[in-house]
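Peer 1: What follows is a protein structure lacking sequence information:
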Ligand SMILES: Nc1ncnc2c1ncn2[C@@H]1O[C@H](COP(=O)(O)OP(=O)(O)OP(=O)(O)O)[C@@H](O)[C@H]1O
């Protein structure tokens, strides 16, 4: 059964079509991600699905209910990660989870929820003394207290260091193992690739690609990316003539060469570098990623 069904969703702010005809389905038990740069319309879409903002067009069904007609039956079955800055500073992890539990008729046991987000060791720590990542996980615990079927995470790891980000990824995997549907937004392509069963890549309020991360990459690329920066800016037209090269892209001083013959291309590139008496900085060879998909489709990178 479908957990979320969105059809032709539109949100207009003055002259801006912030969400411009978005459609997708999320299956039960799926981790579904919206990936896109700042301002792409991810939060606006999420908040419309949650029933917190009114669309200017389109339809939204959550667990079979029409969000625009009757949001009440849905509220009991979804969990929303709040912004952690608004939590009571002096209350401990357990006290906060207990407080939010008191708002609902049916809840999971407080300690079970704390275990789900791996905060057992911090049950008696005041929220102001938690690290940023721990506070984000506490916010997820609070979102889980009513044992929701669908959990919404809006940029759950923005601003976290790599270790804290990985801890949050573990939490999301835990949720999926428990059969939950997870809807998340992110502008980290690695996060989308690792966590999401399917991803909607969004830009300027539109979905520009939708599918399994690996399928999106394979559909767009059967090439390997060679990447570097170079002060002299080796001309794209010259690089494009090297053996094996399919395409060359230059963005923010970084040159990406997509090649179907890495060894041939690399050899020729190194010969060219020597001949031109220039140097490459940060030369890497890597498989294509969702970032390349975004770059190919928009001509820009997700991160700015
Ligand atoms: N209440 C509002 N009034 C006017 N414009 C808005 C409002 N809310 C959002 N916008 C604009 O709509 C666009 C989409 O915003 P949204 O927050 O949905 O993007 P996002 O993809 O979630 O980006 P971010 O990661 O920065 O939150 C942006 O250009 C934003 O400035």
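Peer 2: Perfect, thanks for sending it. Every value quoted in this text rests on a predicted model; they were computed, and no experiment measured them. Residues are numbered from 1 along each chain as shown.

Peer 1: Quick one, grab the pLDDT at residue 56.
Peer 2: Looking at residue 56, its pLDDT reads 97.

Peer 1: can you check residue 152 too?
Peer 2: In this model, residue 152 is scored at 96, pLDDT.

Peer 1: Can you list the strands that the strand or helix carrying it pairs with?
Peer 2: Taking DSSP states H and E as the definition, residue 152 sits inside strand 150-154. Note on strand 150-154: by DSSP bridges, its sheet partners are strand 78-80 (parallel), strand 181-186 (parallel).

Peer 1: which one of the ones you listed has the most crowded surroundings?
Peer 2: Most buried of the strands paired with strand 150-154, by mean neighbour count (mean count of other C-beta atoms under 10 Å): strand 181-186, with a mean of 24. Placement of C-beta: from N, CA and C, glycine included.

Peer 1: picking that back up, closest to residue 5 out of the strands paired with strand 150-154?
Peer 2: Smallest distance to residue 5 across the strands paired with strand 150-154 (C-beta to C-beta): 12.2 Å, for strand 181-186.

Peer 1: Show me the beta-bridge partners of the one residue sitting closest to the centre of the chain.
Peer 2: Geometric centre of the chain, nearest residue: residue 186, 2.5 Å, by C-alpha atoms, centre = their mean. For residue 186, the beta-bridge partners are residue 35 (DSSP bridges).

Peer 1: Next: residue 62.
Peer 2: residue 4, residue 65.

Peer 1: wait, isn't it in contact with residue 150?
Peer 2: Yes: counting by C-beta atoms under 8 Å, residue 150 is a contact partner of residue 62 at 6.9 Å.

Peer 1: between the two, who's got more neighbours?
Peer 2: For the pair residue 62 and residue 150, the greater number of neighbours falls to residue 62 (26 against 23), based on other C-beta atoms under 10 Å.

Peer 1: Now do the same contact list for the more buried one.
Peer 2: Going by C-beta atoms under 8 Å, 6 or more residues apart in numbering, residue 62 touches 3, 4, 5, 49, 74, 77, 78, 150.
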